[in-house]
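*Asks:* The following comprises the amino acid sequence and a computationally predicted model.
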Amino acid sequence: MEKKQFGLHDVVEMKKPHPCGENRWKIIRMGMDIRIKCLGCDHSVMLPRREFAKKLKKVLEHSGE
């Protein structure tokens, strides 16, 4: 299985949608933990990198950097 490439400010789709109904998230912090922000209601969640990689479905938009 290929390793998914993601970076800061990328928009990603997770396997399960957020309770608000949106399934698009923006990566706003990267390190040992990754903080993502829901693009529907602006709620942010911090996940360990390993858990984030497991729950990530695909990268929708790469940042312009």
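*Replies:* Yes, it's here. Residues are numbered from 1 along each chain as shown.

*Asks:* Tell me where this protein has strands.
*Replies:* 11-14, 24-29, 33-38, 44-48, 56-61 (DSSP state E).

*Asks:* Now tabulate these in TSV and tack on mean pLDDT and distance to K4.
*Replies:* The way it works is simple: take the backbone N, C-alpha and C, and place the C-beta from them, glycine included. Output for the strands of the chain, formatted as TSV (pLDDT from 0 to 100; distance: least, CB to CB, whole Å):
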stretch	mean pLDDT	distance to K4
strand 11-14	94	9
strand 24-29	95	12
strand 33-38	96	12
strand 44-48	95	14
strand 56-61	92	6
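
*Asks:* Out of those strands, which gets nearest to Q5?
*Replies:* Among the strands of the chain, strand 56-61 comes nearest to Q5, with 7.1 Å by CB to CB.

*Asks:* Who are the packing partners of that closest one?
*Replies:* If contacts are counted by 3 or more CB pairs under 8 Å, 6 or more residues apart in numbering; DSSP states H and E, strand 56-61 sits against strand 11-14.

*Asks:* List the contacts of the strand it packs on.
*Replies:* 6, 23-27, 36, 39, 55-61 (CB atoms under 8 Å, 6 or more residues apart in numbering).

*Asks:* in that strand, what counts as buried?
*Replies:* Of the residues in strand 11-14, 11-12, 14 count as buried by neighbour count, 16 or more other CB atoms under 10 Å.

*Asks:* With distance to V45 as extra columns, can I get those in CSV?
*Replies:* Output for those, formatted as CSV (distance: CB to CB, whole Å):
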residue, distance to V45
V11, 15
V12, 12
M14, 10
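
*Asks:* Which of those residues sits closest to E51?
*Replies:* M14 (10.9 Å).

*Asks:* what about the closest one, distance to G64?
*Replies:* Distance of M14 to G64, computed by CB to CB, to the nearest Å: 22 Å.

*Asks:* Likewise for H43?
*Replies:* 24 Å.

*Asks:* What of L47?
*Replies:* 24 Å.

*Asks:* who has more neighbours, those two?
*Replies:* The residue with more neighbours, out of L47 and G64, is L47; 16 against 5, by other CB atoms under 10 Å.
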